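J.: Quick one, structure for this:
(chains A and B)
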Amino acid sequence: RKEVEQDPGPFNVPEGATVAFNCTYSNSASQSFFWYRQDCRKEPKLLMSVYSSGNEDGRFTAQLNRASQYISLLIRDSKLSDSATYLCVVAANFGNEKLTFGTGTRLTIIP
Amino acid sequence: EPEVTQTPSHQVTQMGQEVILRCVPISNHLYFYWYRQILGQKVEFLVSFYNNEISEKSEIFDDQFSVERPDGSNFTLKIRSTKLEDSAMYFCASKDLTSTDTQYFGPGTRLTVL
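T.: Numbering: from 1, shown residues only, chains lettered A, B, ... in the order given. The predicted structure follows:
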(Lines give C-alpha, C1' and ligand atoms only; values in the text may rest on other atoms or scores of the structure.)
Protein backbone atom coordinates (compact mmCIF):
# COMPACT_ATOMS: atom_id res chain seq x y z
CA ARG A 1 0.00 0.00 0.00
CA LYS A 2 1.26 3.47 -0.89
CA GLU A 3 2.18 5.69 2.05
CA VAL A 4 -0.07 8.48 0.78
CA GLU A 5 -2.61 7.69 -1.88
CA GLN A 6 -4.59 10.11 -4.02
CA ASP A 7 -6.74 9.88 -7.10
CA PRO A 8 -4.48 11.40 -9.78
CA GLY A 9 -7.42 12.78 -11.75
CA PRO A 10 -7.56 14.80 -13.85
CA PHE A 11 -10.56 16.63 -12.49
CA ASN A 12 -12.02 19.05 -15.03
CA VAL A 13 -14.72 21.18 -13.45
CA PRO A 14 -16.52 24.35 -14.53
CA GLU A 15 -15.76 27.64 -12.88
CA GLY A 16 -17.92 28.19 -9.82
CA ALA A 17 -18.37 24.49 -9.09
CA THR A 18 -17.48 22.73 -5.86
CA VAL A 19 -14.83 20.05 -6.03
CA ALA A 20 -13.62 17.58 -3.42
CA PHE A 21 -10.38 15.62 -3.20
CA ASN A 22 -9.66 12.67 -0.99
CA CYS A 23 -6.48 11.13 0.29
CA THR A 24 -5.62 8.12 2.44
CA TYR A 25 -2.43 7.47 4.37
CA SER A 26 -1.01 4.21 5.61
CA ASN A 27 1.02 5.20 8.68
CA SER A 28 -1.34 5.36 11.64
CA ALA A 29 1.38 7.13 13.65
CA SER A 30 1.21 10.17 11.35
CA GLN A 31 0.79 13.40 13.27
CA SER A 32 0.74 16.27 10.82
CA PHE A 33 -1.30 16.67 7.67
CA PHE A 34 -1.26 19.24 4.91
CA TRP A 35 -2.54 20.15 1.53
CA TYR A 36 0.01 21.74 -0.78
CA ARG A 37 -0.63 22.97 -4.29
CA GLN A 38 1.85 22.71 -7.10
CA ASP A 39 1.67 24.60 -10.36
CA CYS A 40 3.31 23.10 -13.43
CA ARG A 41 7.11 22.93 -12.96
CA LYS A 42 6.94 24.99 -9.79
CA GLU A 43 7.60 24.26 -6.15
CA PRO A 44 4.95 22.92 -3.77
CA LYS A 45 3.28 25.70 -1.80
CA LEU A 46 1.42 25.16 1.43
CA LEU A 47 -2.31 25.58 0.96
CA MET A 48 -3.38 24.66 4.46
CA SER A 49 -2.64 22.44 7.41
CA VAL A 50 -5.31 19.90 8.32
CA TYR A 51 -6.52 19.48 11.88
CA SER A 52 -8.65 16.80 13.49
CA SER A 53 -11.42 19.29 14.14
CA GLY A 54 -11.47 20.31 10.49
CA ASN A 55 -10.53 23.75 9.33
CA GLU A 56 -11.60 26.31 6.80
CA ASP A 57 -9.72 29.02 4.97
CA GLY A 58 -11.96 31.05 2.73
CA ARG A 59 -13.24 28.78 -0.03
CA PHE A 60 -11.14 25.85 1.16
CA THR A 61 -12.16 23.32 3.80
CA ALA A 62 -10.01 20.47 5.01
CA GLN A 63 -11.07 17.48 7.08
CA LEU A 64 -9.14 14.73 8.81
CA ASN A 65 -10.50 11.37 9.90
CA ARG A 66 -7.81 9.63 11.95
CA ALA A 67 -9.83 6.46 12.44
CA SER A 68 -10.15 5.96 8.69
CA GLN A 69 -6.75 7.55 7.94
CA TYR A 70 -8.45 9.80 5.46
CA ILE A 71 -7.97 13.46 4.55
CA SER A 72 -10.17 15.59 2.34
CA LEU A 73 -10.09 18.99 0.69
CA LEU A 74 -13.17 20.84 -0.50
CA ILE A 75 -12.94 23.84 -2.81
CA ARG A 76 -16.09 25.93 -3.15
CA ASP A 77 -16.85 28.45 -5.90
CA SER A 78 -13.82 27.31 -7.86
CA LYS A 79 -11.85 29.89 -9.82
CA LEU A 80 -9.63 29.60 -12.86
CA SER A 81 -6.64 30.30 -10.61
CA ASP A 82 -7.40 27.13 -8.65
CA SER A 83 -6.13 25.06 -11.58
CA ALA A 84 -3.12 23.19 -10.20
CA THR A 85 -2.04 19.86 -8.77
CA TYR A 86 -3.12 19.35 -5.17
CA LEU A 87 -0.72 17.37 -3.03
CA CYS A 88 -1.75 15.49 0.07
CA VAL A 89 1.18 15.54 2.50
CA VAL A 90 1.77 13.71 5.76
CA ALA A 91 4.46 13.89 8.45
CA ALA A 92 4.98 11.16 11.02
CA ASN A 93 5.94 13.38 13.93
CA PHE A 94 5.89 16.94 15.05
CA GLY A 95 9.23 18.68 14.79
CA ASN A 96 12.01 17.99 12.36
CA GLU A 97 10.26 15.44 10.24
CA LYS A 98 10.26 14.53 6.59
CA LEU A 99 7.17 15.17 4.55
CA THR A 100 5.65 12.27 2.64
CA PHE A 101 3.82 13.35 -0.49
CA GLY A 102 1.03 11.80 -2.47
CA THR A 103 1.29 11.80 -6.23
CA GLY A 104 -1.15 14.68 -6.42
CA THR A 105 -4.54 15.30 -7.98
CA ARG A 106 -4.61 17.42 -11.11
CA LEU A 107 -7.42 19.98 -11.20
CA THR A 108 -8.38 22.08 -14.20
CA ILE A 109 -11.07 24.73 -13.87
CA ILE A 110 -12.90 25.31 -17.13
CA PRO A 111 -14.23 28.80 -17.94
CA GLU B 1 7.74 37.94 2.37
CA PRO B 2 10.96 35.99 3.00
CA GLU B 3 11.55 33.08 0.68
CA VAL B 4 13.88 30.19 0.01
CA THR B 5 16.11 30.74 -3.00
CA GLN B 6 17.96 28.17 -5.09
CA THR B 7 20.69 28.35 -7.72
CA PRO B 8 21.06 27.51 -10.48
CA SER B 9 17.54 27.20 -11.81
CA HIS B 10 18.71 24.67 -14.38
CA GLN B 11 21.88 22.58 -14.39
CA VAL B 12 22.94 20.37 -17.27
CA THR B 13 25.78 17.95 -16.65
CA GLN B 14 27.42 14.90 -18.12
CA MET B 15 26.99 11.53 -16.47
CA GLY B 16 29.76 10.95 -13.92
CA GLN B 17 30.31 14.62 -13.20
CA GLU B 18 29.91 16.21 -9.80
CA VAL B 19 27.23 18.84 -9.25
CA ILE B 20 26.53 21.17 -6.36
CA LEU B 21 23.06 22.58 -5.92
CA ARG B 22 22.78 25.64 -3.75
CA CYS B 23 20.04 26.90 -1.49
CA VAL B 24 19.63 29.92 0.74
CA PRO B 25 16.99 29.07 3.35
CA ILE B 26 14.83 31.67 5.06
CA SER B 27 17.14 33.53 7.42
CA ASN B 28 15.76 32.58 10.84
CA HIS B 29 15.00 28.98 9.94
CA LEU B 30 16.87 26.15 11.61
CA TYR B 31 15.69 22.99 9.82
CA PHE B 32 16.71 22.34 6.25
CA TYR B 33 15.62 19.73 3.74
CA TRP B 34 16.23 18.47 0.25
CA TYR B 35 13.54 16.78 -1.82
CA ARG B 36 13.51 15.70 -5.41
CA GLN B 37 10.80 15.20 -8.01
CA ILE B 38 11.43 13.12 -11.10
CA LEU B 39 9.32 14.38 -13.99
CA GLY B 40 5.77 13.10 -13.70
CA GLN B 41 6.35 11.55 -10.28
CA LYS B 42 5.74 12.54 -6.70
CA VAL B 43 7.96 14.68 -4.52
CA GLU B 44 10.38 12.47 -2.54
CA PHE B 45 12.28 13.25 0.64
CA LEU B 46 16.07 13.03 0.44
CA VAL B 47 17.54 14.43 3.65
CA SER B 48 16.89 16.66 6.63
CA PHE B 49 19.54 18.72 8.40
CA TYR B 50 19.54 20.38 11.79
CA ASN B 51 22.22 21.72 14.10
CA ASN B 52 24.92 21.11 11.49
CA GLU B 53 24.21 17.45 11.03
CA ILE B 54 21.95 15.13 9.08
CA SER B 55 18.93 14.18 11.17
CA GLU B 56 17.32 11.81 8.69
CA LYS B 57 17.96 10.53 5.18
CA SER B 58 16.08 8.35 2.75
CA GLU B 59 17.22 5.31 0.81
CA ILE B 60 17.74 7.56 -2.19
CA PHE B 61 20.39 9.54 -0.30
CA ASP B 62 23.26 7.13 -0.80
CA ASP B 63 27.02 7.69 -0.62
CA GLN B 64 26.92 9.74 -3.82
CA PHE B 65 25.01 12.47 -2.02
CA SER B 66 26.19 14.86 0.65
CA VAL B 67 24.91 18.04 2.23
CA GLU B 68 26.72 20.92 3.82
CA ARG B 69 26.04 24.24 5.42
CA PRO B 70 29.35 25.93 4.68
CA ASP B 71 28.41 29.29 6.18
CA GLY B 72 25.52 30.94 7.94
CA SER B 73 23.34 31.23 4.88
CA ASN B 74 23.96 28.54 2.26
CA PHE B 75 22.81 24.93 2.29
CA THR B 76 24.21 22.74 -0.47
CA LEU B 77 23.49 19.34 -1.97
CA LYS B 78 26.38 17.64 -3.73
CA ILE B 79 26.06 14.69 -6.05
CA ARG B 80 29.53 13.21 -6.54
CA SER B 81 29.10 11.19 -9.69
CA THR B 82 25.82 11.88 -11.41
CA LYS B 83 23.77 9.15 -13.06
CA LEU B 84 21.07 9.48 -15.70
CA GLU B 85 18.45 8.66 -13.10
CA ASP B 86 19.50 11.66 -11.00
CA SER B 87 17.75 13.87 -13.54
CA ALA B 88 14.98 15.55 -11.58
CA MET B 89 13.81 18.76 -9.97
CA TYR B 90 15.57 19.28 -6.64
CA PHE B 91 13.75 21.34 -4.05
CA CYS B 92 15.27 22.82 -0.94
CA ALA B 93 12.97 23.56 2.00
CA SER B 94 13.37 25.17 5.38
CA LYS B 95 11.41 25.43 8.59
CA ASP B 96 11.78 27.53 11.70
CA LEU B 97 11.89 26.36 15.28
CA THR B 98 8.42 27.44 16.26
CA SER B 99 6.13 26.47 13.38
CA THR B 100 4.74 22.98 13.46
CA ASP B 101 6.06 21.36 10.33
CA THR B 102 5.35 24.17 7.90
CA GLN B 103 8.14 23.70 5.41
CA TYR B 104 8.69 26.40 2.83
CA PHE B 105 10.04 25.30 -0.51
CA GLY B 106 12.43 27.01 -2.87
CA PRO B 107 11.71 27.25 -6.61
CA GLY B 108 13.87 24.23 -7.36
CA THR B 109 16.85 23.37 -9.53
CA ARG B 110 16.16 21.30 -12.61
CA LEU B 111 19.06 18.87 -13.01
CA THR B 112 19.52 17.21 -16.37
CA VAL B 113 22.12 14.46 -16.62
CA LEU B 114 23.17 13.57 -20.16
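
J.: and chain A, which of its residues are near chain B?
T.: Residues of chain A found near chain B (C-beta under 8 Å from any C-beta of the partner chain) are A:32, A:34, A:38, A:41-46, A:49, A:87, A:91, A:94-104. Backbone N, C-alpha and C define where each C-beta goes, glycine included.

J.: Please indicate which of those residues are buried?
T.: Buried members of the residues of chain A next to chain B, counted by 16 or more other C-beta atoms under 10 Å in any protein chain shown: A:32, A:34, A:38, A:43-44, A:46, A:49, A:87, A:91, A:96-104.

J.: Sketch out the low-pLDDT regions of chain A for me.
T.: Residue ranges of chain A with pLDDT under 70: A:93-96.

J.: switch to 50 and redo it
T.: Applying pLDDT under 50 to chain A picks out no residues at all.

J.: which stretches of it form helices?
T.: When secondary structure is read from DSSP state H, chain A shows no helices.

J.: thinking again about what came up before, restricted to strands, list the residues of chain A next to chain B.
T.: A:32, A:34, A:38, A:44-46, A:49, A:87, A:91, A:99-101 (DSSP state E).

J.: Please identify which of the residues you listed is nearest to residue A:111.
T.: Proximity of those to residue A:111 (C-beta to C-beta) peaks at residue A:38, which lies at 21.7 Å.

J.: From residue A:14, how far out is that closest one?
T.: Going from residue A:38 to residue A:14 by C-beta to C-beta, to the nearest Å gives 22 Å.

J.: And residue A:67, by the same measure?
T.: With distances taken as C-beta to C-beta, residue A:67 is found 34 Å from residue A:14.

J.: try residue B:25
T.: Separation of residue B:25 from residue A:14 (C-beta to C-beta): 40 Å.

J.: who's more crowded, those two?
T.: Looking at residue B:25 and residue A:14 with other C-beta atoms under 10 Å in any protein chain shown, you find the greater number of neighbours at residue B:25, namely 27 against 10.

J.: How much space separates the more buried one from residue B:61?
T.: Relative to residue B:61, and taking C-beta to C-beta, residue B:25 is found at 18 Å.

J.: Repeat that for residue B:47.
T.: When C-beta to C-beta is applied, the distance between residue B:47 and residue B:61 equals 5 Å.

J.: got any residues that touch both of the two?
T.: For the pair residue B:47 and residue B:61, no residue contacts each of them under the criterion C-beta atoms under 8 Å, 6 or more residues apart in numbering or on different chains.

J.: Write down the beta-bridge partners of the closest residue in space to residue A:30 that isn't next to it in sequence, one by one.
T.: Using C-beta to C-beta, 6 or more residues apart in numbering or on different chains and skipping the chain neighbours, the partner closest in space to residue A:30 is residue A:90 (4.7 Å). Judged by DSSP bridges, the bridge partners of residue A:90 are residue A:33, residue A:100.

J.: any idea how far residue A:90 is from chain B?
T.: 10 Å (C-beta to the nearest C-beta, to the nearest Å).

J.: so that residue touches residue A:27, yeah?
T.: Yes: with contact defined as C-beta atoms under 8 Å, residue A:90 and residue A:27 form a contacting pair (7.0 Å).

J.: joint contacts of these two?
T.: With contacts defined as C-beta under 8 Å, 6+ apart, the residues shared by residue A:90 and residue A:27 are A:3, A:100.

J.: So which of those two has more stuff around it?
T.: For the pair residue A:90 and residue A:27, the greater number of neighbours falls to residue A:90 (25 against 13), based on other C-beta under 10 Å.

J.: Nice, that's everything, thank you.
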